[in-house]
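# Build the 3D model from these lines:
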Amino acid sequence: MVVWHADFLRIIFANLCVCTSLYMFLPVVPACMGPVQLGGAAAAWLPFVAFAAGACLPAPFCNFWLDAYRRKSVALWALACLVAATALFLLDLPYYGKWLARMAQGASYGVFQIAVGSTLLLDLSDTRKRTEAAHVYYWFARLALVFGPLAGVMLPRCHGAEAFSAVAVGLQVCAFLLLSGLRVPFRAPLEPSLFTFDRFWLPRGFRLFVPLFGVCLVAGLLMGRHCGAGFCVFLGVGFWLALWLHRCVFRERLQRELACGFCSLVVAALLLSCPLADERWLWVVAVFLGCGLGWTTSRYLLSYIRICEHCERGTAQSSYMLGWDMGLLAGFSCSAGLWGGGAQACSTYIILGLCAATGLFHFLCVKPWYMQNKRK
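Prediction:
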């Protein structure tokens, strides 16, 4: 069991607050961005491109910042910038100002995850418990996928856009206060390279990144179509079932759990295409989606950790988080066009094709390579 000390709790709840505040934007971000002159497709895609570009641009400098300065200070500065970027949505900015605010959100979030999830989490965890600590940390990030879209759907409908942005800012301020209480041991400054992909991208983990991105893309596509309150709640039920079965049934059966995860995603896509689908039927879809997403993504995290060297663990966890977030964002962005107009008739076949292609890629290309290259 992970030692649930105060600093560990501060980290995981700060991450929950930050992820929830940003996942709130997933179902409503095109509306938050204001009018776009390039049409509906641009309204869906440009927020994703802006956030993704922002998340990647400062990442090569993070290793320098985290070794040259106090790591807690880097995390707090990233959170302060995130609060400022989110607060800009309370203002009546021109549309290009909101694109810049969205890019600033991505940049701040990327630095935050590298500083906290890939650095401070490891620094403050016992060496023998780091894998378990990582699982707890990223399971809380998955729970944010329940709370965030749920708040994003309900708050604008009941209290308006201003209350929506105010709650997002409030969650980020809570995260700032939680991290302010961390007790990080002193470490002498180093002299690292200014530009490096350490702590951000693990090149040999690319084969794991592809199916991880594909799984999260499918999840984003399915959630983008039906992201109501009941769907989010039963997605959480699916996550709970996935975690319970993971601990009680699968445990060390990694490949079997991945196979069950892919099958659950396929079943969710098939059920969604049923002509008798109603709200209660969609709850069943959400449960299967939560099980499939929980089983596959938790096992890809373990696979990332097992192919890295001891000094590359933080880099592996950052690569994992990048695949998770970019896949979800891309799925939500694509769903606006996939489920509208004439594309709706073939949308199920597209998702089933993505599930099948991702599963085949894993079992034909990733599994043999992983069995030869895993280190732990």
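# Nearest spatial neighbour of Leu254, chain-adjacent residues omitted?
Take Leu254 and drop its neighbours on the chain: the residue closest to it by Cβ to Cβ, 6 or more residues apart in numbering is Arg299, 5.4 Å away. Any C-beta I mention is one placed from the backbone N, CA and C, and that applies to glycine too.
# do the same with Ala84
Take Ala84 and drop its neighbours on the chain: the residue closest to it by Cβ to Cβ, 6+ apart is Ala104, 7.6 Å away.
# re the thing from before, contacts only, for the residue nearest to Leu254.
By Cβ atoms under 8 Å, 6 or more residues apart in numbering, Arg299 lies in contact with 254, 257-258, 261.
# element containing it?
Assigned by DSSP states H and E, Arg299 falls within helix 279-307.
# For that helix, what does the pLDDT average out to?
If you average the pLDDT over helix 279-307, you get 88.
# Mind picking out the helix or strand in the chain with the poorest mean pLDDT?
Ranked by mean pLDDT, DSSP states H and E, the weakest helix or strand in the chain is helix 29-33, scoring a mean of 64.
# after that one comes which helix or strand?
Sequence-wise, the next helix or strand downstream of helix 29-33 (DSSP H and E) is helix 40-56.
# buried ones in that following helix?
43-52, 54-56 (16 or more other Cβ atoms under 10 Å).
# can you tell me which of those lies nearest to Leu182?
Ala55 (23.1 Å; Cβ to Cβ).
# CA atoms only: put the one helix or strand Ala268 maps to into PDB for me.
Using DSSP H and E, the element containing Ala268 is helix 254-272. Output in PDB follows, covering the C-alpha atoms of helix 254-272 (Å, rounded to 0.1, in the frame of the first residue of the first chain):
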ATOM      1  CA  LEU A 254      -1.700  -7.600 -18.100                       C
ATOM      2  CA  GLN A 255      -2.500  -8.800 -21.600                       C
ATOM      3  CA  ARG A 256      -5.800 -10.300 -20.600                       C
ATOM      4  CA  GLU A 257      -6.900  -7.100 -19.000                       C
ATOM      5  CA  LEU A 258      -6.000  -5.200 -22.200                       C
ATOM      6  CA  ALA A 259      -8.000  -7.600 -24.300                       C
ATOM      7  CA  CYS A 260     -11.000  -7.200 -22.000                       C
ATOM      8  CA  GLY A 261     -10.500  -3.400 -22.200                       C
ATOM      9  CA  PHE A 262     -10.600  -3.400 -26.000                       C
ATOM     10  CA  CYS A 263     -13.700  -5.700 -26.000                       C
ATOM     11  CA  SER A 264     -15.500  -3.300 -23.600                       C
ATOM     12  CA  LEU A 265     -14.800  -0.300 -26.000                       C
ATOM     13  CA  VAL A 266     -16.200  -2.300 -28.900                       C
ATOM     14  CA  VAL A 267     -19.300  -3.300 -27.000                       C
ATOM     15  CA  ALA A 268     -19.800   0.400 -26.000                       C
ATOM     16  CA  ALA A 269     -19.600   1.500 -29.600                       C
ATOM     17  CA  LEU A 270     -22.000  -1.300 -30.700                       C
ATOM     18  CA  LEU A 271     -24.500  -0.400 -28.000                       C
ATOM     19  CA  LEU A 272     -24.400   3.200 -28.900                       C
END
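# about what we covered before: tabulate the buried residues of helix 40-56 in TSV, adding columns for pLDDT and distance to Ala14.
Shown next, in TSV, are those (pLDDT from 0 to 100; distance: Cβ to Cβ, whole Å):
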residue	pLDDT	distance to Ala14
Ala43	59	31
Ala44	64	30
Trp45	73	30
Leu46	77	29
Pro47	77	24
Phe48	81	25
Val49	82	27
Ala50	84	24
Phe51	88	20
Ala52	87	23
Gly54	89	20
Ala55	90	18
Cys56	89	22
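# residues near the closest residue to Phe250 other than its chain neighbours, how many?
Excluding the flanking residues, the one nearest Phe250 by Cβ to Cβ, 6+ apart is Glu257, at 4.1 Å. Using other Cβ atoms under 10 Å, Glu257 has 21 neighbouring residues.
# my read: Glu257 touches Trp295, true?
Yes: with contacts counted by Cβ atoms under 8 Å, Glu257 reaches Trp295, the gap being 5.0 Å.
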